[in-house]
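Engineer: Sharing a model prediction with you, sequence too.
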Amino acid sequence: MVRNTITLLFPFCLIFLLLTSCGLTGKNRKKPASTGQPYEIVLEGDTDSIVTRILTEDVPALPQPEPLCKLIQVKKGKTKGSYLLVRTRIIVNITDKDFAVKLSHDENAEPQNIIRINAHSVQQLRERLNGEKLRQIVDEAELKHLAEMISNNPSKQNKEMQEEVKKTFGLDMKIPVSMNASKKAKNFIWISNNASTGMQNLLVMKVKSEERRAGKEKSEERRMKNSNAFHVNVNDKAQIDSILRTNMPGETDSMYMTIPVLLERGLWEMKGDAMGGPYVMHRIHNLYVIGFVYAPEMKKKILIKQLEAAISTIK
């Protein structure tokens, strides 16, 4: 009798376990990896091109016009198949709902950012949508992705140069493995991929900053934070000019790299030559990290964004 009961119960137990397993597997199933090139966006439902105009504005501080994003336009409700897996998607909904911008993550793939913009009319969308904020959200998401491509993949890091930068300057920064050429001097390192096309470079340097009263320095930091300003004092600028002239020469003694105006981003030049290109800068106390690109034959947006992403890994 007991044997018969066990025999009868066994199939039901097996079915229960299988169903439970399937349920857990479905719940915890890993989503597919997201697709898409950097700054490539699937844009759905932007029938009046309001979002399109915002995201295709030119990136500032580049020598030639380049739009922030490459857009894949999709009609409302038609995002299907491989487009669902693209890393960054924006959906515009003109409905009876009031204006709202919502951000969600990893719905169809990982990593993924989906921005839903709701408005009850095209006029409300035009009036309420903060274009600068939208560009900032997209830019930060794409920079984060570029940074994670380095940070999450030790094989893509130049560990030797990372150790050198940390030893010399105390900075923990992830440096792409492709940047394997370097030049070292006192309080200065130049790291480059030394490419014949699309040349990317990182400069790390230390300057002797003037002593400031702690209170005054904190007050200045608060002012800069509130005004979103980037201020380089005259003493630092003179030292950086001297460091560049000494360590970044051109083909002759009269040629050297110069940055006319030191900002968070801008254009560098080669004094006495036609060379130049975009740069990005980050400052930590008396340390300056500058990423710059020399690529006269090609577009430079992704190249400089990759350097900006590497700089953003600094701890």
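Structural biologist: Arrived safely. Quantities reported herein were computed from a predicted structural model and do not represent experimental measurements.

Engineer: and stretch 99-116, how far apart are its ends?
Structural biologist: Separation of the first and last residues of stretch 99-116 by Cα to Cα, to the nearest Å is 10 Å.

Engineer: no wait, stretch 169-178
Structural biologist: 21 Å.

Engineer: hmm, who's touching that stretch?
Structural biologist: Here stretch 169-178 makes contact (Cβ atoms under 8 Å, 6 or more residues apart in numbering) with 147, 150-151, 155-158, 161-162, 165-166, 189, 191, 193, 195, 200, 202, 204, 206, 284, 287, 289, 306, 310-311, 313-315. Just so you know, the C-beta spots here come from the backbone N, C-alpha and C atoms, and that holds for glycine as well.

Engineer: And for stretch 117-135?
Structural biologist: Contacts of stretch 117-135 (Cβ under 8 Å, 6+ apart): 47-48, 50-51, 54-55, 57, 68, 90-102, 115.

Engineer: can we see that at 10 Å?
Structural biologist: Contact with stretch 117-135 is made by 45-48, 50-51, 53-55, 57, 59, 68-69, 90-102, 115, 136-137, as judged by Cβ atoms under 10 Å, 6 or more residues apart in numbering.

Engineer: Can you flag the buried ones in the contacts of stretch 169-178?
Structural biologist: 147, 150-151, 157-158, 161-162, 165, 189, 191, 193, 200, 202, 204, 206, 287, 289, 306, 310-311, 313-314 (16 or more other Cβ atoms under 10 Å).

Engineer: distance of residue 288 from residue 259?
Structural biologist: Distance from residue 288 to residue 259, counting by Cβ to Cβ, to the nearest Å: 10 Å.

Engineer: need the strands for this structure, in chain order.
Structural biologist: Counting by DSSP state E, the chain has these strands, from start to end: 40-44, 70-74, 88-94, 100-105, 113-119, 181-185, 188-192, 199-206, 256-258, 265-271, 276-284, 287-294.

Engineer: Adding distance to residue 131, write those out as a markdown table.
Structural biologist: Output for these, formatted as a markdown table (distance: least, Cβ to Cβ, whole Å):
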| stretch | distance to residue 131 |
| --- | --- |
| strand 40-44 | 14 |
| strand 70-74 | 14 |
| strand 88-94 | 13 |
| strand 100-105 | 12 |
| strand 113-119 | 11 |
| strand 181-185 | 40 |
| strand 188-192 | 36 |
| strand 199-206 | 29 |
| strand 256-258 | 34 |
| strand 265-271 | 19 |
| strand 276-284 | 22 |
| strand 287-294 | 26 |
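
Engineer: Please produce TSV containing those, extended by mean pLDDT and distance to residue 63.
Structural biologist: Output for the strands of the chain, formatted as TSV (pLDDT from 0 to 100; distance: least, Cβ to Cβ, whole Å):
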stretch	mean pLDDT	distance to residue 63
strand 40-44	98	22
strand 70-74	98	19
strand 88-94	97	26
strand 100-105	96	33
strand 113-119	98	29
strand 181-185	96	24
strand 188-192	98	19
strand 199-206	98	14
strand 256-258	97	15
strand 265-271	97	6
strand 276-284	97	6
strand 287-294	98	10
